[in-house]
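Q: Prediction below, plus the sequence it came from.
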Amino acid sequence: MNIQGGEQPLINGGSCNLASINLSKLAVNPFTDKAYVDFDKLKYLTDLGIRYLDEVVDDNIENQPLEVQREMAEKYRNCGLGFLGLSDLLIKMGYEYGKEESINLVDKIGKTMIEQALLTSTQLAEEKGAFPGCNVDAILQAPFVQENATEEILERIQNYGLRNSSLLSIAPTGSISILCAASSGGIEPLFQISYNRTTKSLHGEDRVYKVYADVVAELMEAQGIESEEELPDYVVTS
């Protein structure tokens, strides 16, 4: 999410810091008809994530290999907060990936993150100063800001500017999704329900095990499902 008008910041592996929120953990009463998303926690995590990434900018500037990267990092203070585990969350909610109810939920998640990220960046600008390349007039005229910022946020941008020229980025999260035990990375649907894994050493012979995606295994345990054929229709894969 680049909200700086006019001259565009250089965004590459050396000048933009990334982090992701695990949406799967925001489901309350998962796998039931009383499931809902904790949007207060999403706001808290978005605020925390932007503040964390802003600190990383300072810690990282001197680690950039090129002088131009150091200059751009300092001038534009790029951040990229995103998410992972979207498909896991949808399964916990009982929503089918790509259907209207899932799209409406994603819209609300995106809107919540956008508003909180902008608000937090104005708060950081008030506390520590706006990013050096900040052009308040260009930001206020940017269609993205006009379409998504509240009146409070627009007023705060006018008064304080923003601390970061970029705030959100829904990046691929293959590796960290594995570390977080999320069955889906980024905005992707569940790749597959299960796969077979073969061990050659544990029992002195080849032995094949069926391994379920974590969220599918949780669903099956929660609802007493014994086989893939019994899974509800909203469990879809790419």
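A: It's in.

Q: Can you name the residues that contact residue 83?
A: Shown in contact with residue 83 (Cβ atoms under 8 Å, 6 or more residues apart in numbering): 20-23, 109, 113, 170, 186-187. Quick note: C-beta positions are derived from backbone N, CA and C, even for glycine.

Q: Quick check: closest non-adjacent residue to it.
A: Spatial nearest neighbour of residue 83, chain neighbours left out: residue 21 (4.5 Å); criterion: Cβ to Cβ, 6 or more residues apart in numbering.

Q: which secondary structure element contains that neighbour?
A: Taking DSSP states H and E as the criterion, residue 21 maps to strand 17-22.

Q: Against which helices or strands is that strand packed?
A: Packing contacts for strand 17-22, counted by 3 or more Cβ pairs under 8 Å, 6 or more residues apart in numbering; DSSP states H and E, involve helix 39-60, strand 79-84.

Q: of all those, which lies closest to residue 131?
A: helix 39-60 (9.0 Å; Cβ to Cβ).

Q: what mean pLDDT does the closest one have?
A: Averaging pLDDT along helix 39-60 gives 96.

Q: Could you list the residues in contact with it?
A: 17-19, 21, 23, 26, 73, 77-81, 108-109, 112-113, 116-117, 119-121, 124, 163-164, 167.

Q: May I see the buried residues of the helix or strand just after it?
A: Downstream of helix 39-60, the next assigned helix or strand under DSSP H and E is helix 67-76. Within helix 67-76, the residues that count as buried by 16 or more other Cβ atoms under 10 Å are 69-70, 72-76.

Q: same deal with stretch 54-68?
A: Buried, per 16+ other Cβ under 10 Å, within stretch 54-68: 54, 57, 60-61, 64.

Q: can I get those residues in TSV with distance to residue 129?
A: Output for those, formatted as TSV (distance: Cβ to Cβ, whole Å):
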residue	distance to residue 129
54	11
57	13
60	18
61	15
64	21
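
Q: which one of the residues you listed sits closest to residue 195?
A: Ranked by distance to residue 195 (Cβ to Cβ), the buried residues of stretch 54-68 are led by residue 60 at 37.1 Å.

Q: Residue 114 belongs to a helix?
A: Yes. Residue state for residue 114 (DSSP: H, G, I helix; E, B strand; the rest coil) corresponds to a helix.

Q: surely residue 75 meets residue 134?
A: No. Between residue 75 and residue 134 there is no contact under Cβ atoms under 8 Å: 9.4 Å.

Q: and the worst-scoring helix or strand of the chain on mean pLDDT, how far out from the chain's middle?
A: In the chain, no helix or strand scores lower on mean pLDDT, DSSP states H and E than helix 174-179, which sits at a mean of 84. Here helix 174-179 is found 13 Å from its chain centre; the criterion is Cα atoms, centre = their mean, to the nearest Å.

Q: how near is the residue of the chain most remote from its centre to residue 211?
A: Most distant residue from the mean C-alpha position of the chain: residue 204, 43.3 Å away (Cα atoms, centre = their mean). From residue 204 across to residue 211, the span is 21 Å (Cβ to Cβ, to the nearest Å).

Q: if I look at the most centrally placed residue in the chain, how far off is residue 230?
A: Closest to where the C-alpha atoms of the chain average out (Cα atoms, centre = their mean) is residue 83, at 1.6 Å. As judged by Cβ to Cβ, residue 83 and residue 230 stand 30 Å apart.

Q: I'm done for today, thanks for sticking with me.
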